[in-house]
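Asks: give me a 3D structure for the following:
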Amino acid sequence: MQDNHQKNIATFIHLSTFTRFIFPFGNFIGPIVLWMANKEKSEFVDLHGKQAINFQMSILLYALVFGLLTIPFFIFNVISGFNFIDINTFDSIHINLTKPSPLLYITGGLGFLAVIGFILELVFVVIASLKARDGEIYHYPLTINFLK
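Replies: Numbering: from 1, shown residues only. Modelled structure (predicted):
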């Protein structure tokens with residue numbers, strides 16, 4: 001049975017990921033500082049700290065892979081208007097607003113998926129915080145266990 005202090009620390013570990021909206025990499029620094037300071041005192045706090053850090057590292061990895069997947073679509077969209085053999089390349093570029101490129105739909109869809117992922121991340125952090133407050137163990141979905 002966890003006491004209120006342990007529940008509060010575990011809750012704040014999860015909520016400290018929101019410090020990224022205040023300073024860069026706050027979603028890593030906040031949980032790591034709280035976890036490192038309190039991991040020896042409680043197995044409950046240790047488990048929640050590892051879960052929060054693993055989830056943030058997984059989200060970073062997924063975002064990097066997702067971002068790298070979108071780069072070719074952007075490059076192909078930009079390059080498709082260029083004729084590298086013609087010297088007057090910039091004279092032949094015309095922007096057509098009536099017929100968008102299929103690549104625009106692909107990148108728009110990927111952007112929409114990124115927004116949905118961001119919203120789900122916020123929801124999972126709030127759920128984990130509520131579970132920690134209630135003294136329950138929560139495992140984030142799609143988390144790679146970097147710290148065991």
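
Asks: contacts for stretch 51-65 next, please.
Replies: The contact list for stretch 51-65, computed with Cβ atoms under 8 Å, 6 or more residues apart in numbering, reads 13-14, 16-17, 27-28, 31-32, 35, 114, 117, 121, 124-125, 128, 138-140, 142-147. (Glycine included, C-beta is placed from N, CA and C.)

Asks: drop anything exposed from the residues you listed.
Replies: Neighbour counting with 16 or more other Cβ atoms under 10 Å marks 13-14, 16-17, 27-28, 31-32, 35, 121, 124-125, 128, 138, 140, 143 as buried within the contacts of stretch 51-65.

Asks: list the buried residues of stretch 28-46.
Replies: Quick answer for stretch 28-46 (16+ other Cβ under 10 Å): 28, 30, 31, 32, 34, 35, 38, 39, 42, 44, 45, 46.

Asks: I'd like the residues you listed as TSV, with pLDDT appended.
Replies: Output for the buried residues of stretch 28-46, formatted as TSV (pLDDT from 0 to 100):
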residue	pLDDT
28	92
30	92
31	93
32	94
34	93
35	93
38	92
39	90
42	90
44	93
45	93
46	94
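
Asks: ok, of those, which one's closest to residue 69?
Replies: Nearest to residue 69 among these: residue 28, at 23.1 Å, using Cβ to Cβ.

Asks: count of neighbours near the closest residue to residue 140 other than its chain neighbours?
Replies: Distance criterion Cβ to Cβ, 6 or more residues apart in numbering; nearest residue to residue 140, sequence neighbours excluded, is residue 55 at 4.1 Å. Around residue 55 there are 26 other residues, counting by other Cβ atoms under 10 Å.

Asks: now, which of the buried ones among the contacts of stretch 51-65 lie within helices?
Replies: Counted as lying in helices by DSSP state H, out of the buried ones among the contacts of stretch 51-65, are 13, 14, 27, 28, 31, 32, 35, 121, 124, 125, 128.

Asks: need those in JSON lines with distance to residue 6, can you?
Replies: Shown next, in JSON lines, are these (distance: Cβ to Cβ, whole Å):
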{"residue": "13", "distance to residue 6": "11"}
{"residue": "14", "distance to residue 6": "13"}
{"residue": "27", "distance to residue 6": "22"}
{"residue": "28", "distance to residue 6": "22"}
{"residue": "31", "distance to residue 6": "15"}
{"residue": "32", "distance to residue 6": "18"}
{"residue": "35", "distance to residue 6": "13"}
{"residue": "121", "distance to residue 6": "25"}
{"residue": "124", "distance to residue 6": "21"}
{"residue": "125", "distance to residue 6": "19"}
{"residue": "128", "distance to residue 6": "15"}
